[in-house]
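Visitor: how would this look folded up:
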Amino acid sequence: MVYYLIAFVLFLIDQGTKYLIASRLELYEQIPVIGNFFVITSSRNRGAAFGILQDQLWFFIIVTVIVVGGVIWYLGKMIKEGRKLLPTALALVLGGALGNFIDRLVMGEVVDFLMFNFGNYTFPIFNIADSCIVIGVGLIILDTLLEGRREKLKSASDVSGTEGNE
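Guide: Residues are numbered from 1 along each chain as shown. Below you'll find the predicted structure:
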């Protein structure tokens, strides 16, 4: 249950920050936080990451329903196995996916507001939900690598344990 609570809290943080941005800032208004490097801005995205697949609302709704269903199913399975890192990662993905899903469902677009500038390059503007998804996917990759290493070590110890018994 704790992992669903994590997802819910992240969802609420995402929705709360988006509400503050949408209700308090004019579209494209900017508030410098760290000079021009980190800026809070009010932006909308009708596509996916980096603005790809603009205006494909039904595609996003269908894909998100499938992804959320799969994440909930797999999260339940991993919790039963007593895993810790992977369920945490899945909770991050779930909270983020639901945050952006609600935006698309209600408004037809996602509120983005975190902008980072690196000299003349502006990284695509994003939000808390996007951050949760990226961190969650990163943790899934980390868990996969660690699990592969654990299995390799277990196989090696099983082989050496078997040789000693013969």
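Visitor: please report phi then psi for Tyr121.
Guide: Note on Tyr121: its backbone torsions stand at phi -100, psi 130 [degrees, to the nearest 10].
Visitor: scratch that, Glu81 is what I was asking about
Guide: Torsion angles, degrees, to the nearest 10, at Glu81: phi -80, psi -10.
Visitor: what is the neighbour count of it?
Guide: For Glu81, the neighbour count with other C-beta atoms under 10 Å is 8. Any C-beta I mention is one placed from the backbone N, CA and C, and that applies to glycine too.
Visitor: who's in contact with it?
Guide: Residues in contact with Glu81 (C-beta atoms under 8 Å, 6 or more residues apart in numbering): none are found.
Visitor: ok, it to Trp73 distance?
Guide: With distances taken as C-beta to C-beta, to the nearest Å, Glu81 is found 13 Å from Trp73.
Visitor: buried ones in stretch 56-69?
Guide: For stretch 56-69, burial by neighbour count (16 or more other C-beta atoms under 10 Å) applies to Phe60, Thr64, Val68.
Visitor: restrict it to CA atoms and write it as CSV.
Guide: Output in CSV follows, covering the C-alpha atoms of stretch 56-69 (Å, rounded to 0.1, in the frame of the first residue of the first chain):
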residue,chain,number,x,y,z
GLN,A,56,-2.3,13.3,-30.6
LEU,A,57,-4.6,13.4,-27.6
TRP,A,58,-6.4,10.0,-28.1
PHE,A,59,-3.1,8.3,-28.7
PHE,A,60,-1.8,9.6,-25.4
ILE,A,61,-5.0,8.6,-23.5
ILE,A,62,-5.0,5.1,-24.9
VAL,A,63,-1.2,4.5,-24.3
THR,A,64,-1.4,6.0,-20.8
VAL,A,65,-4.4,3.7,-19.8
ILE,A,66,-2.4,0.7,-21.0
VAL,A,67,0.8,1.8,-19.3
VAL,A,68,-1.0,2.6,-16.0
GLY,A,69,-2.8,-0.7,-16.1
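Visitor: list of residues touching it?
Guide: For stretch 56-69, the external contacting residues (C-beta under 8 Å, 6+ apart) are 46-48, 53, 93-94, 97-98, 100-101, 104-105, 108.
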